[in-house]
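[1] attaching a predicted model along with its sequence, questions to come.
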Amino acid sequence: MKLNNGLAKSRIYIGRGEVYLIEGLELDIEFDYLSLEDRTKAILELEDYIQSHDIQPVKIEDGYAEVEEDKLFYVVDAGVIGYATGFEVGESQSKNQ
């Protein structure tokens, strides 16, 4: 599915926990490649951004969301930041946490 702005939408599993969809931010580096210290710092900075911009978590009934491929995600329970195209919080992984 394509949107009017040319961005494709994907239906991905992101879990039933607290999930934020972030507009207007980009990752400088792939989150998976950061050290634990840098990951923690990035999460704290993102949480400050979320709070200062009054961004509310999305409610997801079945754990799946249809989102634009370049949308930035933050899954609080998993401590994961990423884009829809590379998002890999699988159903079994989320249920195990």
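    Looks like it arrived, so ask away.
[2] C-alpha from now on. contacts and neighbour counts both.
    Will do.
[3] residue boundaries of the helices in this protein?
    36-52, 91-96 (DSSP state H).
[4] what's the neighbour count on S52?
    The tally of other residues near S52 (other Cα atoms under 10 Å) stands at 9.
[5] ugh, wrong one, L27
    11.
[6] got the contact list for it?
    By Cα atoms under 8 Å, 6 or more residues apart in numbering, the residues touching L27 are G82.
[7] and the gap between the most centrally placed residue in the chain and I43?
    The residue lying closest to the centre of the chain (Cα atoms, centre = their mean) is F73, at 1.4 Å. Separation of F73 from I43 (Cα to Cα, to the nearest Å): 11 Å.
[8] so what sits against both of these two?
    Joint contacts of F73 and I43 (Cα under 8 Å, 6+ apart) are I81.
[9] from Y83, how far off is D32?
    Taking Cα to Cα, one finds D32 at 12 Å from Y83.
[10] now do E18
    16 Å.
[11] count of neighbours near Y20?
    Y20 has 19 nearby residues by other Cα under 10 Å.
[12] so for the closest residue to it other than its chain neighbours, what's the pLDDT?
    With Cα to Cα, 6 or more residues apart in numbering as the criterion, Y20 has its nearest non-adjacent residue at 4.6 Å, and that residue is P57. According to the prediction, P57 has pLDDT 91.
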